[in-house]
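Participant: 3D, please:
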Amino acid sequence: MQISSEKDRRSRIAPMQADIAGVIERHTRGVADCATPVPGLRLFRREAPARPAVCMVEPSIVMVAQGTKRLLVGGEGYAYDAERFLVTSLDLPANSEVLAASVPEPCVGLVLKLDIRLLAELIAQAPEAPPRERSLQTSVGVGSITPALLEPIARLLALLDEPAAIPVLAPLIQREIHYRLLATDQAPRLRQIASVGSQSHRVARAIDWLKLHYAEPLRVEDLAARAQMSVSGLHHHFKQLTGMSPLQYQKWLRLNEARRLMLSDGAEAATAAFSVGYESPSQFSREYARLFGAPPRRDVEALRPASGAPVLGRTSGRAAPGRHRRSMVAAGAAG
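Facilitator: I've put the predicted structure just below:
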């Protein structure tokens, strides 16, 4: 019976994913990543397999309509394709790689940012309280795609051809998508991050502070107090959920912001290093090369020709939401 239902699921989602892939291909011709006029929605396209690339993933769902990708977090790999979606419940430093893609059949998909407040609201409105669940060990999961989830996603993508309807209809469809996500096998992960007072919620609070204050000296004792956790508890749960210690996470934020300053603003390596909190340019160069595989100047020179992503429905680049988030949250690349 279970095998039959699984076959039925696959047979139903296959034509839906083919249609979604066609829509995304049409909107991503000639580009790798693009924002859209729909808030929180980005599309991506890859025409060849690619080695792991450093990225930051926001709390989001990532769906591949065609092809295969994998996200690497804390030494663990999470592969996803047209039958499985990726969900992340925290801002995670990660590596993203493309496993299956070609010019005739590019790897195409979407990244939709999760609205944690909306999830909490929907959970509170449920007629029955959810069962008590064990604390999850990671903030990344791979779930089975269902027809019920694909239907509103297809309608959300259809709005790209009806931009005037986006302000009215997109919030309603996104609400339905969040509702459908809470009916998938990833619901426990989503309920955990939306639950005020959970360990995931407290770690998320610490992450939010780090993203705003990464250039400042970090005392883990103070960060633990802000998260209302013991120092040992913060270390344990922070590493469990992100694959890094708080200090490693801060270093990752600093190095990625320095990379953005050099790539987008044309800053010299030493200037970028001081701007993000480094006192020693030599230490900055060593740690930069360790993370990105090349010294700052060589890395930026290699990246510069490929920088810049268009925005559907706009004539200029996407607006940057804030200094600490402009390049570090590269959801499209992370997808």
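Participant: low-confidence stretches in the stretch 151-300 of the chain?
Facilitator: Applying pLDDT under 70 to the stretch 151-300 of the chain flags the ranges 196-197.
Participant: residue 64 and residue 78 touch, don't they?
Facilitator: No - contact criterion CB atoms under 8 Å: residue 64 and residue 78 do not qualify, at 11.9 Å. (Each C-beta comes from the backbone N, C-alpha and C, glycine too.)
Participant: what about those two, which has more around it?
Facilitator: residue 64 (31 against 19; other CB atoms under 10 Å).
Participant: the more buried one sits in which helix or strand?
Facilitator: strand 60-66 (DSSP states H and E).
Participant: burial count for residue 121?
Facilitator: 13.
Participant: measure it to residue 30 for me?
Facilitator: 39 Å (CB to CB, to the nearest Å).
Participant: about what we covered before: quick one: strands adjacent to the strand holding residue 64?
Facilitator: strand 84-88 (antiparallel), strand 107-113 (antiparallel) (DSSP bridges).
Participant: would you turn the ones you listed into TSV with mean pLDDT and distance to residue 162?
Facilitator: Shown next, in TSV, are the strands paired with strand 60-66 (pLDDT from 0 to 100; distance: least, CB to CB, whole Å):
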stretch	mean pLDDT	distance to residue 162
strand 84-88	95	25
strand 107-113	97	17
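Participant: let's have the ones you listed in CSV, adding mean neighbour count.
Facilitator: Listed next are the strands paired with strand 60-66 as CSV, based on neighbours: other CB atoms under 10 Å:
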stretch, mean neighbour count
strand 84-88, 24
strand 107-113, 25
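Participant: and for the closest residue in space to residue 245 that isn't next to it in sequence, the neighbour number?
Facilitator: Spatial nearest neighbour of residue 245, excluding adjacent residues (CB to CB, 6 or more residues apart in numbering): residue 239 at 5.6 Å. Residues near residue 239, counting by other CB under 10 Å, number 16.
Participant: when you give positions from now on, start the count at 37
Facilitator: All set: I'll call the first residue 37, so the last point we hit is now residue 275.
Participant: and for residue 73, the neighbour number?
Facilitator: Residues near residue 73, counting by other CB under 10 Å: 15.
Participant: how about residue 285?
Facilitator: 23.
Participant: ok, now which ones touch it?
Facilitator: 129, 243, 246, 274, 278 (CB atoms under 8 Å, 6 or more residues apart in numbering).
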